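Enquirer: with the input below, show me the fold.
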Amino acid sequence: MPSRCFLIVFLGCLVSHFNCPASNAEEAGFVPLFNGKDLSGWVPVNVAPKTFTVKDGIIVSTGIPTGIMRTERHYENFIIELEWRHMVKGGNAGLFIWSDALTSAGVPFSRGIEVQVLDGRESETYTSHGDVFSIHGARMKPDRPHPKGAERCLPSEKRCKPSPEWNHYRVECRDGVIQLAVNGKIVSGGSMCRPRKGYICLESEGSECHFRNIKLKELPSSNPPADEVATLDQGFRSLYTGLDLAGWKPDDGHTGHWQPKDWTLTYDGQSAAKDKNLWSEKEYGDFELICDCRWSAKAEKRKLPLILPGSEFDSVVVDVSAGRWTRLHITKRRASVRVVYNENAAIPTVVNVDLRRVPARSQIGLRHDGEQIQFANIFVRELDANRGR
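Expert: From the prediction side, this is the model:
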């Protein structure tokens, strides 16, 4: 009998030995990506200062405006775990992997791989249980073919809990392969992801969503080539909150005409102000400006007034098509201005202008040309005049 008891105890020790250390090894190396107190390590990209806040150890997203908050640094190979819950039935949000620093042209989100955070909405082509898909120029081969051929992996089973219950995501990202485990089981993923190194983002999209217990474990790098790495932060900061005209100087006659509408800033062409343009509060010296614009009129070829400092620039125009988004990238250094529009096109358009009477510092203005127009993704970075950046 004593020998038998010793055997049972010994086998119990073996089970403990093989189970517990494996679990501990799996947990080793994780570090908090959210400290539970503030948003240190995170950067709002195109959202208001109060879109993402911290309360009781939880990141609270209001969902307004639509946009993203990203990590301060790039990540390549890693495992990330987090918990999330929607506070509104049918709520929408997301976790972005390997994202660019700024949003893509004409949309409030960056290029990358999205891990869907959705409640109570699904169809033949999407679900609320952990879809993984490429967005805005990123690429991915889904683990299972999509019914419509999209680069989107639908989960193998339904494991998400409805609002307002908490759900757990574990996302493993390695050498361009992504796998999502929902509440303890892998259900979706993809391979051949491009880019495969970039920022991690939390998405705001219309309703309150909570995130907590965000932790990350980095894995060894495989040194991806430059064309498989997302764009880095170059110091651009948003000039539009998505909620109001903070940072701009609206005239009384602008009221009701220059209107914040979520991620777009809309002008109806009917301001009663003498100067119908909208000007920044701050004056800038040398700078780079990125901005998307779109006329609401019927699509046709027309002249586009540029978004530039001071009246000296009013005569500079380029051809665009109304009815679709156009991205402008403007660089002003001393008395010269370089304008690139649709820079990701096969043949981008470049306009160079030399100016004689431009002031050393001036406000940035949004010009409308007397018709309805929308602006979005307005980012600026100041340049060091002595060093050229």
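
Enquirer: which residues in the protein form helices?
Expert: 2-27 (DSSP state H).

Enquirer: distance from the chain centre to stretch 202-222, please.
Expert: 12 Å (C-alpha atoms, centre = their mean, to the nearest Å).

Enquirer: which parts of that stretch are buried?
Expert: Within stretch 202-222, the residues that count as buried by 16 or more other C-beta atoms under 10 Å are 202-214, 216-217. The C-beta positions use only the backbone N, C-alpha and C, and glycine is treated the same way.

Enquirer: pull the number of nearby residues for residue 247.
Expert: 14 (other C-beta atoms under 10 Å).

Enquirer: surely it touches residue 284?
Expert: No - using C-beta atoms under 8 Å, residue 247 is not in contact with residue 284; the gap is 12.0 Å.

Enquirer: widest-spaced pair of the buried residues of stretch 202-222?
Expert: 206 and 217 (31.3 Å; C-beta to C-beta).

Enquirer: and the closest residue to residue 222 other than its chain neighbours, how far from residue 169?
Expert: Among residues not flanking residue 222 along the chain, residue 175 sits closest, at 5.1 Å (C-beta to C-beta, 6 or more residues apart in numbering). If you measure residue 175 against residue 169 using C-beta to C-beta, to the nearest Å, the figure is 20 Å.

Enquirer: try residue 237
Expert: As for residue 237, its distance to residue 169 is 29 Å (criterion: C-beta to C-beta).

Enquirer: just the buried residues of stretch 202-222: which are in strands?
Expert: 202, 203, 204, 209, 210, 211, 212, 213, 214, 216, 217 (DSSP state E).

Enquirer: need the contact list for the residue nearest to the fourth one when sequence neighbours are not counted.
Expert: Across the structure, with C-beta to C-beta, 6+ apart as the measure, the residue nearest residue 209 apart from its sequence neighbours is residue 93 (4.2 Å). When the contact criterion is C-beta atoms under 8 Å, 6 or more residues apart in numbering, the partners of residue 93 are 61, 63, 84, 86, 117, 118, 202, 203, 204, 205, 207, 209.

Enquirer: okay, the residues you listed in CSV with distance to residue 374 and pLDDT next?
Expert: Shown next, in CSV, are the contacts of residue 93 (distance: C-beta to C-beta, whole Å; pLDDT from 0 to 100):
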residue, distance to residue 374, pLDDT
61, 24, 98
63, 21, 97
84, 31, 98
86, 29, 98
117, 27, 98
118, 27, 97
202, 25, 98
203, 21, 98
204, 19, 98
205, 19, 96
207, 23, 96
209, 26, 98
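
Enquirer: so which of those residues is the closest to residue 165?
Expert: Proximity of the contacts of residue 93 to residue 165 was ranked by C-beta to C-beta; the top entry is residue 86 with 9.1 Å.

Enquirer: the closest one: neighbour count?
Expert: Neighbours of residue 86 (other C-beta under 10 Å): 26.

Enquirer: in the sheet, who's paired with it?
Expert: Taking DSSP bridges, one obtains residue 209 as the residues bridged to residue 86.

Enquirer: how near is it to residue 262?
Expert: 19 Å.

Enquirer: pLDDT weak spots in the protein?
Expert: Where the chain drops to pLDDT under 70, the residues are 1-26, 297-322, 355-357, 369, 385-389.

Enquirer: switch to 50 and redo it
Expert: 1-25, 311-316, 387-389 (pLDDT under 50).

Enquirer: residues contacting residue 379?
Expert: 46, 102, 236, 237, 238, 239, 289, 290, 291.

Enquirer: most neighbours, which of those?
Expert: residue 46 (27 neighbours).

Enquirer: give the contact list for the closest residue to that one other than its chain neighbours.
Expert: The shortest distance from residue 46 to any non-neighbouring residue, by C-beta to C-beta, 6+ apart, is to residue 67 (4.2 Å). Counting by C-beta under 8 Å, 6+ apart, residue 67 touches 44, 45, 46, 47, 51, 103, 108, 109, 203, 204, 242, 263.

Enquirer: try residue 383
Expert: Residue 383 neighbours (C-beta under 8 Å, 6+ apart): 285, 286, 287, 288, 331, 333, 389.

Enquirer: give me the buried subset of the residues you listed.
Expert: Buried subset of the contacts of residue 383 (neighbour count, 16+ other C-beta under 10 Å): 285, 286, 287, 288, 331.

Enquirer: now the residues you listed in TSV, with distance to residue 186?
Expert: What follows is these, written out as TSV (distance: C-beta to C-beta, whole Å):
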residue	distance to residue 186
285	52
286	50
287	47
288	43
331	46
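
Enquirer: of those, which is the nearest to residue 154?
Expert: Minimum distance to residue 154 across the buried ones among the contacts of residue 383 is 40.5 Å, recorded for residue 288 (C-beta to C-beta).

Enquirer: which residues does the closest one form a beta bridge with?
Expert: Beta bridges link residue 288 to residue 331, residue 381, judged by DSSP bridges.
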